[in-house]
Structure formats: structure tokens, C-alpha cells
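1. this one's sequence-less:
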């Protein structure tokens, strides 16, 4: 059964955890957190990784934006993981809608409110993001 576009648009909101293989620069499906949604874009995809990237370990500001999450809190995780909030990725909302309709992107859960609030507080004060990006996606 194909989901109507308008219903899918309503389902995609801040804190939603999705699982998808639609990212051109990643050769496997990824869990990611939706951090910002505008009329036309779904943004702030913060990827969930099984460990912190070794390149991040030497960069204090990026290391600060690695958020541990427990498999005990998120049943779809097979092991404790990290949300990497160091880079904002945006995609047109229609791309996400179509990928959900085709089954390429799945809703896996929702980030706990306290985890979302922790992430938002840190990214709002981070030097890695411009004021424009912060205002557009993090508030």
C-alpha cells in the first residue's frame, strides 16, 4: 500500500529516526536522526554510528558533538552507538517522501526527548554551525 505524500510529510518530524540507503556517498543503509524540517527540506540528518570516527578523536569541537545512545533505549539498535551531530545534511522533502513510499527509507523510532534536547543545546552553541543554519534547523 502506497502512503499518500501528505501523510508521509506529517510523519517526518524532528527527532524521527529513519533508516535508509538513499545517501550517494555512503555504501550501506544508515540510521539517521531528523533534526530540522522546513516546508521544502528535511535536514540536520545526524547519522548514527557504531563508534566514533577516528578522525574526530583529535578535533575537540567535533568530539563534543558525538552523543552516546544505548541499545537499551532504542530497540532497533543491536549495540550502543553514537549520534554524530557534526554535519548538517539536507535533502528535498519530496526525496524523503518518495523513498519512504518505495520502502527505501523506514521509520525506526523517535529520539527520546531528553536526548533531542541535549543534542539541540550542544549544536546551538557549537562553532561548527553558522547562525543561519542554527536558526533554520535547530530552533
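-> Alright, I've got the coordinates. This is a predicted model, so every value here is computed, not measured. Numbering: from 1, shown residues only.
2. okay, now the unreliable bits of the protein?
-> For the chain, applying pLDDT under 70 flags the ranges 1-10, 44, 57.
3. could you show me where the strands are in it, in order?
-> Under the criterion DSSP state E, strands of the chain are mapped to 16-20, 30-33, 36-37, 41-43, 46-49, 66-69, 81-84, 90-92, 105-110.
4. for residue 131, which of the ones you listed is the nearest?
-> strand 36-37 (14.2 Å; CB to CB). C-betas here are computed from N, CA, C, even on glycine.
5. show me what contacts residue 28?
-> By CB atoms under 8 Å, 6 or more residues apart in numbering, residue 28 lies in contact with residue 21.
6. how close does it sit to residue 104?
-> Distance from residue 28 to residue 104, counting by CB to CB, to the nearest Å: 13 Å.
7. next, show the common contact partners of those two.
-> Residues touching both residue 28 and residue 104 (CB under 8 Å, 6+ apart): residue 21.
8. out of everything not next to it in sequence, what's closest to the most centrally placed residue in the chain?
-> In the chain, the residue lying closest to the centroid (CA atoms, centre = their mean) is residue 33, at 2.2 Å. Spatial nearest neighbour of residue 33, excluding adjacent residues (CB to CB, 6 or more residues apart in numbering): residue 46 at 4.6 Å.
9. name the helices or strands packed onto the top helix by length along the chain?
-> In the chain, with assignment by DSSP state H, the single longest helix is helix 113-125. Judged by 3 or more CB pairs under 8 Å, 6 or more residues apart in numbering; DSSP states H and E, the packing partners of helix 113-125 are strand 66-69.
10. give me the contact list for the strand it packs on.
-> Residues contacting strand 66-69 (CB under 8 Å, 6+ apart): 48, 52, 56, 77, 80-86, 111, 115, 118-119, 122.
11. buried set for that strand?
-> Within strand 66-69, the residues that qualify as buried are 66, 67, 69, counting by 16 or more other CB atoms under 10 Å.
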